[in-house]
Every structure is written in C-alpha cells, then in structure tokens.
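K.L.:
below is the structure, and that's it, no one-letter string:
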C-alpha cells in the first residue's frame, strides 16, 4: 500500500480521499493487488497474529451464537494500528443464514427505525419483509421491476437510535437492543479482551453493488474506551482504515461474508470508509451453498436456530447482489449519563458518520428523498 499511496497521492492532497476515489472508480478498474486479504494471507511484516482469550467462553457458549470455538478463530492485527483486530469468519458453517435473516426480516421491524421512515407512514414500514417477500421469491422476469421495500432499505438503527442530523444519541430515543445480537457481540468482545461490553446502539447498513460509505470517524458515542464491532454478511467490500487525519494514507483490506472487525484503543477513532462492493469469492463462506440447514452442533441452540426454506429463498436472492454490515457500539461508560440538553453537534470534518446523502436522487413524485438512494455515501469536505 505504501508504494501505491505514493503513486496516487500528490504533495498537498488529501491522501485518504485520493485512495478512496482510486478504489471507487469503475473505468478503468483499480488494481486490487495491494488489498490485504485476511482469508489468504499468512502473517507478514504488515499482518500479525492477534492474541485472544479462549477462556472467556466455552465451545457450547460459542456454538449458541453460531461461532466456532475461540481457539479455532483466525484473528489478526495490523502493524501501525494498535487495537485493531480482524477475525476472519469465526462463524460455524451454516450459522450465517440466521444472522442474515435477522438483518433482513427481524431487525428492520418496529420499534426499530429505518431510512424508509423518513418519508413513509409507520403503517407502510410496519412489515418491510412481508411487503417484499413475494416479489423476491419470484424468479427475475428479465424486465425491470419496481424495487421492493427491502431493496430500498439503506439503514436501520437499534437501541439508542442515532440521529443523522445532529450526529448524537439521546436517552429519549431508545428501544430495546436485540438480545441475540448483544450476546454475539459480548462474546466476541470478551474474547478480544473487553469483558462486560454493553451493546447499546447498532447501525445496520444495506449496500447494493454500486454503494459506498464515505470517509468518517465514529466518535458520537460518549465513551470511546469500549470497542466498536463490525459484522459483514453477503457480498464482499473494500474497507479502508486510515489514521487520525485525512493526510494519512489508508490501508485497504477485504471484508468477506462472516468477517468481524473490532476497533478499540487507538484504532477506535481512526478514519475509515468503504469505497467499493465486490462479488464474494467462491468458497469463502458462500451463503448460497449453506442454505437453511444448520450444522448439527447448532440444533439444540437457544439463540441461533434454523432458517426456513421460504425465508432463505428471500435472503439468498437479496444477498446475491447486496451486502449487510452491522456495527455495534457501547454508547455510555459506567455511571455515565446523557447531557440534559444534547448539543447540536453539527458534524465537523472529524465526525463524518455514515449519513446516506444520496449521489442519485429518488425521482418518485419528482422529489429527492433523503435516505432512499441507490448509494450509501457521506458528504465529504
């Protein structure tokens, strides 16, 4: 990446933005030879093994949320990025479909909030899955069909609901955080050295093949001492991890289905972005082949359960061309409370949280509608 950064970035230019644009461009397509692939790379001068604490959960506890035993996880760090841990698909074979189904069918349900709520009535967004499943089960006809609500989904917020305008959380805008996702998150963070993690807020991003996520830092949480978790399902993505300023050239890495990132310590407040979605490689957690049959070790699970063939027909059709990313955050530290009057916090250059300011307008009724775009992007300065 150092050689590529030097060839792309000219003196005085924003290094991160230049490399973001390099990987986002379509014609000519970028060279991906410098992208770190944790599913293939053995430890090198850049990629190093990460130490995990296997004593934090038993094999049975791991299997309850669809994870392999901790000792089997392939976990890595990156030189120059203290606190960054990349776990290459720690999920048991056959367990990813459950989490995909939760992201598409369960988590978008009320009382959780999604982008469609910005311009549709609560009754219209009450059952996004139910209003979409029939169309997604029918094989494509070849002619252009109207997008289902599920295909128009761009984000969902859980727990403390993130306010995209003020870039804040508040005590008054909160709903129960999903217990299964909390258990998964707390098990992984404990293995990474953070026992007692409290999952308080979640943001789900739904990417189509032409989506991107702009350059930003996740700093709206009141406590930055706790890690940020990121789960990837479906198609692959290029993830860029930079430094504390945008002049720092980022490292590019692949995120494949089932991969987990933990950003803690110094890496918790680094610039990052997703410039591109890519087809998932053959043989790497290929969800289409996993189907709805769970591994036998999961059959007695009280958390991760089987996915019906009917549900999986919808999920597999969706993820053939889409990616879902789940980020889980602890907002408050021990004994911490929200300020009585949240500040306006207008979002400076160091706080460009994913904002879904569309690159292309939704032309329905001739109006541009916030949060219903074909791309996921932030405004860059």
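P.N.:
Good, I have the coordinates. Note that this is a predicted model, so its numbers are computed, not measured. Residues are numbered from 1 along each chain as shown.

K.L.:
give me phi/psi at the residue lying closest to residue 83 once chain neighbours are set aside?
P.N.:
Closest residue in space to residue 83, ignoring its immediate chain neighbours: residue 265 at 2.7 Å, by C-beta to C-beta, 6 or more residues apart in numbering. Backbone N, C-alpha and C define where each C-beta goes, glycine included. Here is the backbone geometry of residue 265 (degrees, to the nearest 10): phi 60, psi -130.

K.L.:
kindly report the same for the one 3 residues further on.
P.N.:
Backbone geometry at residue 268, expressed as degrees, to the nearest 10, gives phi -60, psi -30.

K.L.:
for it, list the residues it contacts.
P.N.:
Counting by C-beta atoms under 8 Å, 6 or more residues apart in numbering, residue 268 touches 83, 218, 224, 227-228.

K.L.:
just residue 263 next, same as before
P.N.:
Counting by C-beta under 8 Å, 6+ apart, residue 263 touches 83-84, 218, 227-228, 230, 270, 272.

K.L.:
how close does it sit to residue 32?
P.N.:
Counting by C-beta to C-beta, to the nearest Å, the separation of residue 263 from residue 32 is 23 Å.

K.L.:
what about the helices in the protein?
P.N.:
2-8, 15-24, 59-64, 96-101, 128-137, 179-191, 287-290, 309-319 (DSSP state H).

K.L.:
which of those sits most buried?
P.N.:
Using mean count of other C-beta atoms under 10 Å, the stretch among the helices of the chain with the largest mean neighbour count is helix 96-101, at a mean of 24.

K.L.:
in this protein, what spans have low per-residue confidence?
P.N.:
Residues of the chain meeting the criterion pLDDT under 70: 1-13, 41-43, 139-142, 283-301, 341-381.

K.L.:
ranges for the strands of it?
P.N.:
47-49, 75-78, 84-87, 113-114, 155-159, 201-207, 213-216, 228-234, 236-241, 251-255, 260-263, 272-278, 323-329 (DSSP state E).

K.L.:
to residue 17, which of those strands lies closest?
P.N.:
strand 213-216 (6.5 Å; C-beta to C-beta).

K.L.:
tell me what that closest one is packed against?
P.N.:
helix 15-24, strand 272-278 (3 or more C-beta pairs under 8 Å, 6 or more residues apart in numbering; DSSP states H and E).

K.L.:
so which of those is nearest residue 340?
P.N.:
Nearest to residue 340, of these and by C-beta to C-beta, is strand 272-278 at 31.8 Å.

K.L.:
partner strands of that closest one and their direction?
P.N.:
strand 213-216 (antiparallel), strand 236-241 (antiparallel) (DSSP bridges).

K.L.:
in CSV: those, plus distance to residue 118 and mean neighbour count.
P.N.:
Below are the strands paired with strand 272-278 laid out as CSV (distance: least, C-beta to C-beta, whole Å; neighbours: other C-beta atoms under 10 Å):
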stretch, distance to residue 118, mean neighbour count
strand 213-216, 18, 23
strand 236-241, 25, 24
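
K.L.:
using CSV, lay out those strands together with distance to residue 165.
P.N.:
Below are the strands paired with strand 272-278 laid out as CSV (distance: least, C-beta to C-beta, whole Å):
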stretch, distance to residue 165
strand 213-216, 15
strand 236-241, 26
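
K.L.:
out of the ones you listed, nearest to residue 191?
P.N.:
Comparing the strands paired with strand 272-278 under C-beta to C-beta, the one sitting nearest is strand 236-241, at 20.9 Å.

K.L.:
how far is the closest one from where the chain is centred?
P.N.:
Here the centre of mass of C-alpha atoms in strand 236-241, compared against the chain's by C-alpha atoms, centre = their mean, to the nearest Å, lies 10 Å away.
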